[in-house]
Structures are given as structure tokens and as C-alpha cells.
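Undergrad: From the sequence below, what's the structure:
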Amino acid sequence: MTHTLKPALLATAVGFATMAGPAAAGDFDGFYLGAYGSGNFSTTPNTYGFGGQAGYLFEFSPGAYAGIEADVYRPSGGPTVYTGAARLGYDFGSPFMPYASVGAGIDGTGTTVWTVGAGAQYDLGGGASLRTGVDRYQPTGGGAANYVGKVGLTYSF
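TA: Below you'll find the predicted structure:
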């Protein structure tokens, strides 16, 4: 990752942490749909894109969530990437939930990829949440990895 992405992610994490004060625990379980804008700062020139995700989270213990997610990422000037991933998160009794994910997929050229990611979600109430994170996309046959920062909204129902 470049030095530009790290400060932006740190500032986002600090912002989420300050919002996650003494408020009630979030409600992240159930089906969800989301959309995001993205930036790939590991390429020259930097590229931007958009995408969406759909998934299901299950609260298997108070505050602990596990689930699956399908993601479609469309970078500017590049092939669309389709992935499926397992997700784990924990809300610490607040509306703030950090999470990690791992999965695999394929891009529009037929290249298979694996992905690993981490981020945070903040419950805004009424089923809506703000979500930010970074996903690493790595071709399974080798080659350069792409680190993609994502910020978006998710709706649970």
C-alpha cells in the first residue's frame, strides 16, 4: 500500500471509533445490500471505481457475527471483479463493528483471484450502516496485488 492510503484509513478508523461512544449495540444480523465508491492506490495512476455487495450475517454469540458475502467491484479502466467471501465481525456492545473477510473470485478476463479484507461498519439505525474497508485482490497465478479502499452504505432487512 502506498503512504497515501494509510493515513486516510487511519483517519476513517479514528472517526468511526469516536462515533462508537456509549451508544447501544448495533444490529448487523440478517440479509443486507450495499453500494460503495472505491479507490485503488496501489496502481499508477490511481484508479477509482464503484461496486456493490449482498450478503447475510448471523449473530452466533452476543456481539459476534459470521456470514457470507458476494461482491461486484468495477474499477475504472479495468475488468469487473466478482468475489464471494466469508466474513467475521464483532460489535463490542456498540454500533461499531470491525470485521475481516477472506474469499475468492474471478475477473472479467477469466483470471481467478483470492481476496482478503478488513474494515469497519457503523450502525446508523433503521437498517442503514456506513461501511469502510480495504480489500486485497491477488491473482491466484501470481502477479501484482491490488489494494482497494472502499466507502459505502449498507442496508440490512
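
Undergrad: R136 versus Y56, what's the distance?
TA: When distance is defined by Cβ to Cβ, to the nearest Å, Y56 is 23 Å away from R136. Where C-beta positions appear, they are placed from N, C-alpha and C, glycine not excepted.

Undergrad: Leaving out the residues flanking it, which one is nearest to the residue nearest the centre of the chain?
TA: Compute the mean C-alpha point of the chain, and by Cα atoms, centre = their mean the closest residue is G133, 4.5 Å away. Excluding the flanking residues, the one nearest G133 by Cβ to Cβ, 6 or more residues apart in numbering is G119, at 2.0 Å.

Undergrad: Report the helix or strand with the lowest average pLDDT across the protein.
TA: helix 5-19 (a mean of 49; mean pLDDT, DSSP states H and E).

Undergrad: Quick check: beta-bridge partners of F31?
TA: Under DSSP bridges, the beta-bridge partners of F31 are Y56.

Undergrad: Looking at it now. What's its pLDDT?
TA: Confidence at F31, expressed as pLDDT, is 98.

Undergrad: F41 versus that one, what's the distance?
TA: Counting by Cβ to Cβ - F31 and F41 are separated by 31 Å.

Undergrad: Neighbour count: those two, which is higher?
TA: F41 (21 against 12; other Cβ atoms under 10 Å).

Undergrad: now L88, which residues is it bridged with?
TA: Bridge pairing for L88 - DSSP bridges - gives A66, A100.

Undergrad: ok, it touching Y99?
TA: Yes - between L88 and Y99 there is a contact under Cβ atoms under 8 Å: 6.4 Å.

Undergrad: check which helix or strand covers I106.
TA: Counting by DSSP states H and E, the element that carries I106 is strand 96-107.

Undergrad: what stretches of this structure score poorly on pLDDT?
TA: For the chain, applying pLDDT under 70 flags the ranges 1-24.

Undergrad: Can you show me the strands along it?
TA: Counting by DSSP state E, the chain has strands at residues 30-40, 47-61, 64-75, 81-90, 96-107, 112-125, 128-139, 146-156.
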